[in-house]
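Asker: Give me a 3D structure for the following:
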Amino acid sequence: MKKNIKSGYAPVNGIKMYYEIYGEGHIPLILIHGGGSTIETSFSNLIPLLADYGQIIAVELQAHGRTGDRNTAETFEQDADDVAALIKYLKIEKTNILGFSNGGTTALQLGIRYPELVNKIVAISAAYKRDGFISGFFEGMQQASLENMPVPLKKAYLEVNPNEQGLQSMFEKDKNRMINFKDYSDDALKSINAKTLFIVADRDVITLEHTLKMSQLIANAQLAVLPGVHGSCIGEVCTAVINSKLPEATAVLIKDFVNQ
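Answerer: Take a look at the predicted model:
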């Protein structure tokens with residue numbers, strides 16, 4: 001799909017947000033990456049598998065990849081505001097949203113804060129409460145450092161933005177966001193009126209019980225549990241399995257859901 005790509009920067013809420021557009025279609029599918037990631041690290045293996053969907057728009061969030069930063073902490077609410085501003089900048093009336101990991105939580109915030117913009121949501125490995133993460137997650141996050149950040153994520157950032165200070169800032173903001181993560185209410189989830197598909201791996205960092213609960217809070221939501229670990233179902237760079245057909249199966253699930 002690279003030959004059909006359009007890219008640009010949108011002025012949103014004081015930063016320049018990088019985006020890529022693939023193909024054409026009436027209701028786009030916006031892809032929101034995970035923490036510490038770029039478009040490439042989260043979605044390079046998935047985007048070609050979604051090529052026959054129609055128009056796909058992949059974004060990079062505050063401080064990530066090619067997108068600018070601001071002198072404020074990262075929040076999922078701010079990320080949702082930024083994506084909403086991009087949607088309006090591109091003059092899109094209604095869109096489907098797919099978010100992975102932190103991007104999945106941002107996708108839920110879009111459903112909560114901007115129901116008028118969101119048609120359907122695919123939330124992969126998303127969470128809305130601290131107890132939705134596996135045991136030890138937050139203790140491990142307290143000890144996280146740039147030195148033990150996954151090498152593929154660091155390399156990918158520097159390839160598109162050769163700025164060591166920017167990499168450090170992104171890491172610290174991502175880390176602090178998770179350490180300070182506050183629960184969302186059940187009522188907030190219940191307020192989402194967009195049809196939603198939750199996808200989680202059976203050995204994910206988000207528990208099956210938590211994902212099931214989210215799927216029960218949102219009216220008419222669907223749930224898919226896939227084999228593997230965090231990100232393997234979409235071929236995320238750190239967990240992709242060579243010759244695995246799982247991303248193809250995931251792409252089929254996604255397209256079937258958004259095209260219903």
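Asker: Mind giving me the packing neighbours of the helix or strand hosting residue 187?
Answerer: Assigned by DSSP states H and E, residue 187 belongs to helix 186-190. Where contact means 3 or more CB pairs under 8 Å, 6 or more residues apart in numbering; DSSP states H and E, helix 186-190 is packed against helix 102-113, helix 208-217. For the C-beta atoms, the positions are set from N, CA and C on the backbone; glycine is no exception.
Asker: Can you list the neighbours in contact with it?
Answerer: 108, 112, 128, 214, 217-219 (CB atoms under 8 Å, 6 or more residues apart in numbering).
Asker: if we can go back for a sec, would you mind finding the most buried of the helices and strands packed on helix 186-190?
Answerer: Stretch with highest mean neighbour count among these: helix 102-113 (a mean of 26; mean count of other CB atoms under 10 Å).
Asker: Please work out the average pLDDT along it.
Answerer: Helix 102-113 comes out with an average pLDDT of 98.
Asker: Sheet-wise, list the partners of the very next helix or strand once past that helix with their directions.
Answerer: Per DSSP H and E, helix 102-113 leads on to strand 118-124 as the next helix or strand towards the C-terminus. Strand 118-124 sits in its sheet next to strand 95-100 (parallel), strand 195-203 (parallel), going by DSSP bridges.
Asker: Can you lay out these as TSV showing distance to residue 19 and mean neighbour count?
Answerer: Output for the strands paired with strand 118-124, formatted as TSV (distance: least, CB to CB, whole Å; neighbours: other CB atoms under 10 Å):
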stretch	distance to residue 19	mean neighbour count
strand 95-100	12	28
strand 195-203	23	21
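Asker: Save those strands as JSON lines, and put in distance to residue 227 too.
Answerer: As requested, the strands paired with strand 118-124 are exported to JSON lines (distance: least, CB to CB, whole Å):
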{"stretch": "strand 95-100", "distance to residue 227": "17"}
{"stretch": "strand 195-203", "distance to residue 227": "6"}
